[in-house]
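Novice: coordinates for the following, if possible.
(chains A, B, C and D)
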There are 2 protein chains.
Amino acid sequence: MDPLFEKGMTELNRPPTDRPFQAFEIVFWHVLDEMFEERLLPGDVLYETALSQELGLSRTPVREALSRLVAEGLLENPAGTRGYRVPDLSADDLQQVFQAREILESSAAALAAEHARKGDIGELEEIHRREILFSSQENRREYCRANVEFHFAVMRIGGNRYLERAFRPVFWRSQLYVNYLAEFHPLNGEELTAESGHNSPAEHAALIRAIARRAPKAAAKAAAEHLRSTTAYRILLDTERARHIFGGSSR
Amino acid sequence: MDPLFEKGMTELNRPPTDRPFQAFEIVFWHVLDEMFEERLLPGDVLYETALSQELGLSRTPVREALSRLVAEGLLENPAGTRGYRVPDLSADDLQQVFQAREILESSAAALAAEHARKGDIGELEEIHRREILFSSQENRREYCRANVEFHFAVMRIGGNRYLERAFRPVFWRSQLYVNYLAEFHPLNGEELTAESGHNSPAEHAALIRAIARRAPKAAAKAAAEHLRSTTAYRILLDTERARHIFGGSSR
DNA sequence: TTATAGCATAATGGATCCATTGTTTGAAAA
DNA sequence: TTTTCAAACAATGGATCCATTATGCTATAA
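Specialist: Numbers count the residues shown, from 1 in each chain, chains lettered A, B, ... in the order given. Below is the predicted model:
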């Protein structure tokens, strides 16, 4: 459990701090990692007891973590039910998640175009360089990482902490869907990959340009268009095939 | 502690269910009510121990509740610090909260204009009738209630559950600010009241019309303009006076 | 063979306990 | 009188315990 946080992309979401991890945080990020790594799939159920034994902790921190995950909308435990269920995937959910992302991210992009400072543009460009590098190297994990960083960076540069807070759970959820869908989609391995076919870098470049020249509307448009070309979104449009995917877990 | 949930406006936010309250829910809504009722002000600090004694519960459910409130952004406990602090009010926070609301609510209004069914319009009109009634009766509490219901109804009719989830904490926080500001603002009692001078009903009417005639852009515009005319927002514009208000708690 | 009732199992909500650690008070020194 | 250090106090994080109750299995009956 030690190197739990050197892998995966979840630590991106943990605010940087020198304070040691509390037990419940270990559980929280562990579960999140399991979800991102697709070892936990929609329909799977987690139990406090089992988890606490697996992780060698008492149930107290496990409860805390699971309860937070529920608050984030990443798990659900309907009233009077035991176990914490990884929410099912429905075409409707997918559509709503991406619609929400489009609203939040295009607004943030517009704000970023208004508020960006010189260093911010540099930061975006640095991330973007990594995206290009890793996409050409076909280094899926590092590419994905940079991609995640990019979206959070735009959100942060936008400068609205409340919008940013609202964004995090929506984004997480959409990431889960992306991985899962890419995994199970019949087109997987052909033209579709988890990171939207590597056209992201070009679209990100367009967004950076819009932000750099302080064009809020163009930035918002670029962000929205980028989302629309995402793998998951494209799968969604392919509703006929989608029917084969959505539904219960395979496990 | 029994009639805790017949007063206040917080129960609006508890999803309806026949299941009895769990202990942690009692704590959760209790604290929320204390905040809305302005018995808890920015800068105040809550302690698990004290709360559990006050409410006659063990610390376990209290911890759960406080932890959820932190997750909602309604309390904060910085790393390595004791006590849960009601976040301070800064002009910047206020601006951001209202900016976030504008983004979320205008988007939801547009969606509502697209998705509204006949019954939905009826519901909005019913709430709106109550607003008019109570505003003319100067029944502050019931008016406020209807106002809250209205905003949630628009969000719900928009139909995006993820947007709705993101909206809730932002809205809550803005409500806290509204009450607090109205209380302490030097203009309180003159032209400003907590419910933005009762021009809300007219603005809500405009929003309903836009939704009813399926005009997403008009709906979004109406929602945004409504927010801009809110008390707190108007106070915010009055930055000179604002300086006297923002800052530590009075308690 | 399928459906139902009842029982055994085990997971959860809440209470309590303990070790750790942040806070505060007070005493001593500058 | 003000500052520093230490010791007592108190709040929290985590572990454990217990009562309640959801869940699953079995045996019986249709």
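Novice: so which residues of chain A form strands?
Specialist: A:45-46, A:84-85 (DSSP state E).
Novice: partner strands of the first one, with direction?
Specialist: Pointing back at strand A:45-46 there. Here strand A:45-46 is paired, per DSSP bridges, with strand A:84-85 (antiparallel).
Novice: need the contact partners of the partner strand.
Specialist: A:43-48, A:66, A:69-70, A:75-78 (Cβ atoms under 8 Å, 6 or more residues apart in numbering or on different chains). Backbone N, C-alpha and C define where each C-beta goes, glycine included.
Novice: repeat that for 7 Å
Specialist: A:45, A:46, A:66, A:70, A:75, A:76, A:77 (Cβ atoms under 7 Å, 6 or more residues apart in numbering or on different chains).
Novice: now swap in stretch A:49-65 and tell me
Specialist: For stretch A:49-65, the external contacting residues (Cβ under 7 Å, 6+ apart) are A:1, A:23, A:24, A:26, A:27, A:28, A:30, A:31, A:48, B:67.
Novice: could I get these as TSV with distance to residue B:147, pLDDT and neighbour count?
Specialist: Below are the contacts of stretch A:49-65 laid out as TSV (distance: Cβ to Cβ, whole Å; pLDDT from 0 to 100; neighbours: other Cβ atoms under 10 Å in any protein chain shown):
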residue	distance to residue B:147	pLDDT	neighbour count
A:1	49	32	11
A:23	42	88	17
A:24	37	88	19
A:26	43	89	18
A:27	40	91	27
A:28	36	90	25
A:30	42	89	20
A:31	38	90	24
A:48	40	95	19
B:67	30	88	23
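Novice: returning to what we had before: tell me which of the strands of chain A sits most buried.
Specialist: strand A:84-85 (a mean of 20; mean count of other Cβ atoms under 10 Å in any protein chain shown).
Novice: quick one: mean pLDDT for that strand?
Specialist: Taken as a whole, strand A:84-85 has a mean pLDDT of 95.
Novice: off-centre distance for it?
Specialist: Centroid displacement of strand A:84-85 relative to its chain, using Cα atoms, centre = their mean, to the nearest Å, is 19 Å.
Novice: likewise for stretch A:95-109?
Specialist: The answer for stretch A:95-109 is 13 Å, by Cα atoms, centre = their mean.
Novice: ok, is that stretch in contact with chain B or not?
Specialist: Yes - using Cβ under 7 Å from any Cβ of the partner chain, stretch A:95-109 reaches chain B at A:96, A:97, A:99, A:100, A:103, A:107.
Novice: then that stretch to CSV, C-alphas only?
Specialist: C-alpha atoms of stretch A:95-109 as CSV (Å, rounded to 0.1, in the frame of the first residue of the first chain):
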residue,chain,number,x,y,z
GLN,A,95,-24.7,12.4,-21.6
GLN,A,96,-25.4,14.5,-18.4
VAL,A,97,-21.8,14.2,-17.2
PHE,A,98,-20.5,15.5,-20.4
GLN,A,99,-23.1,18.2,-20.6
ALA,A,100,-22.1,19.3,-17.1
ARG,A,101,-18.4,19.3,-18.0
GLU,A,102,-19.1,21.3,-21.1
ILE,A,103,-20.9,24.0,-19.0
LEU,A,104,-18.3,24.1,-16.3
GLU,A,105,-15.2,23.9,-18.5
SER,A,106,-16.3,26.3,-21.2
SER,A,107,-17.1,28.8,-18.5
ALA,A,108,-13.8,28.2,-16.8
ALA,A,109,-12.0,28.6,-20.1
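Novice: in TSV, list the strands of chain A along with distance to residue A:201.
Specialist: Formatted as TSV, these follow (distance: least, Cβ to Cβ, whole Å):
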stretch	distance to residue A:201
strand A:45-46	36
strand A:84-85	36
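Novice: could you dump these into TSV with distance to DNA strand D added?
Specialist: TSV is the format used below for the strands of chain A (distance: least, Cβ to the nearest atom of the strand, whole Å):
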stretch	distance to DNA strand D
strand A:45-46	9
strand A:84-85	10
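Novice: so which of those strands is nearest residue A:165?
Specialist: Ranking those by proximity to residue A:165 (Cβ to Cβ) places strand A:84-85 first, at 22.4 Å.
Novice: is the closest one up against DNA strand C anywhere?
Specialist: Yes - interface with DNA strand C: strand A:84-85 contributes residue A:84 (Cβ under 7 Å from any atom of the strand).
Novice: follow-up on the earlier one: among the contacts of stretch A:49-65, which are in reach of DNA strand C?
Specialist: Subset of the contacts of stretch A:49-65 in contact with DNA strand C: residue A:48, counting by Cβ under 7 Å from any atom of the strand.
Novice: the contacts of stretch A:49-65 in helices, which ones?
Specialist: If you go by DSSP state H, those have A:23, A:24, A:26, A:27, A:28, A:30, A:31, A:48, B:67 in helices.
Novice: is it true that the fifth one touches residue A:68?
Specialist: Yes - here residue A:28 reaches residue A:68: they are 6.0 Å apart, a contact under Cβ atoms under 7 Å.
Novice: of the ones in helices among the contacts of stretch A:49-65, which is the nearest to DNA strand C?
Specialist: For the ones in helices among the contacts of stretch A:49-65, the minimum distance to DNA strand C (Cβ to the nearest atom of the strand) is 3.1 Å, reached by residue A:48.
Novice: so how far is residue A:64 from that closest one?
Specialist: 10 Å (Cβ to Cβ, to the nearest Å).
Novice: circling back to that earlier point, out of the residues of stretch A:95-109 next to chain B, list just those in helices.
Specialist: Using DSSP H, the residues of stretch A:95-109 next to chain B in helices are A:96, A:97, A:99, A:100, A:103, A:107.
Novice: quick one: which of those residues is most hemmed in?
Specialist: Neighbour tally across those (other Cβ atoms under 10 Å in any protein chain shown): the maximum, 29 neighbours, falls on residue A:97.
Novice: circling back: closest one to chain B out of the contacts of strand A:84-85, please.
Specialist: residue A:70 (8.9 Å; Cβ to the nearest Cβ).
Novice: give me the neighbour count for that closest one.
Specialist: By other Cβ under 10 Å, the residues close to residue A:70 number 16.
Novice: what does the stretch 1-150 of chain A put close to DNA strand C?
Specialist: Counting by Cβ under 7 Å from any atom of the strand, the residues of the stretch 1-150 of chain A close to DNA strand C are A:47, A:48, A:49, A:50, A:59, A:60, A:63, A:77, A:82, A:83, A:84.
Novice: now the residue lying closest to the first one once chain neighbours are set aside: how far from residue B:58?
Specialist: Read it as residue A:47. Spatial nearest neighbour of residue A:47, chain neighbours left out: residue A:83 (5.3 Å); criterion: Cβ to Cβ, 6 or more residues apart in numbering or on different chains. Distance, residue A:83 to residue B:58, by Cβ to Cβ: 24 Å.
Novice: before we move on, the earlier item: and which of the ones in helices among the contacts of stretch A:49-65 is nearest residue A:214?
Specialist: When the ones in helices among the contacts of stretch A:49-65 are compared against residue A:214 (criterion: Cβ to Cβ), the nearest one is residue A:28, at 38.2 Å.
Novice: distance check, that closest one against residue B:80.
Specialist: Distance of residue A:28 to residue B:80, given as Cβ to Cβ: 18 Å.
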